[in-house]
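Engineer: The sequence and its predicted three-dimensional model are supplied below.
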Amino acid sequence: MCKTLTMKEWQSRGEELFGKDKKNWKFKCVNCGEVQSYHDFKEAGVENPENYVYFSCIGRFVKSRGCDWTLGGLFQLHKQEVIADDGSKVPTFEFAT
């Protein structure tokens, strides 16, 4: 079963867990369990890490970590989605807690 959050709920939960700076938010890959943050992607030289940290495993970019899973693929394993400002539902990794 997939949990659906509004953007406000998702942002409130992230702030509650990690503070207001989204660069410090941590997410857990639904496939391998790797915990990752914006900083991990930035350190790996990934452009626009904010577009990947909640959606793609760091292993797509750093071969020594995680796996190559992304939520944009054919198989849908995600357990959470967020309603974007345009009303569409965006699959996201859950926060690492």
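Structural biologist: Okay, I see it.
Engineer: quick check: mean pLDDT across stretch 69-77?
Structural biologist: Averaged across stretch 69-77, pLDDT comes to 83.
Engineer: Next, the distance between the ends of stretch 50-67.
Structural biologist: This stretch, stretch 50-67, spans 18 Å end to end (CA to CA, to the nearest Å).
Engineer: May I see the buried residues of that stretch?
Structural biologist: Using 16 or more other CB atoms under 10 Å as the test for burial, stretch 50-67 gives 52-62, 65-66. To be clear about C-beta, it is placed using only N, CA and C from the backbone, and glycine gets the same treatment.
Engineer: List the contacts of it.
Structural biologist: Residues outside stretch 50-67 that contact it (CB atoms under 8 Å, 6 or more residues apart in numbering) are 22, 25, 27, 29, 31-32, 34, 36-38, 40-41, 44-46, 68-72, 90-93.
Engineer: try 7 Å
Structural biologist: Residues outside stretch 50-67 that contact it (CB atoms under 7 Å, 6 or more residues apart in numbering): 27, 29, 31-32, 34, 36-38, 40-41, 44, 46, 68-72, 92-93.
Engineer: Cross-reference the residues you listed with the strands and report the matches.
Structural biologist: Residues of these located in strands (DSSP state E): 27, 36, 37, 92.
Engineer: Pretty sure residue 69 sits against residue 31.
Structural biologist: Yes - if you go by CB atoms under 7 Å, residue 69 and residue 31 touch, sitting 3.8 Å apart.
Engineer: residues near residue 37, how many?
Structural biologist: 19 (other CB atoms under 10 Å).
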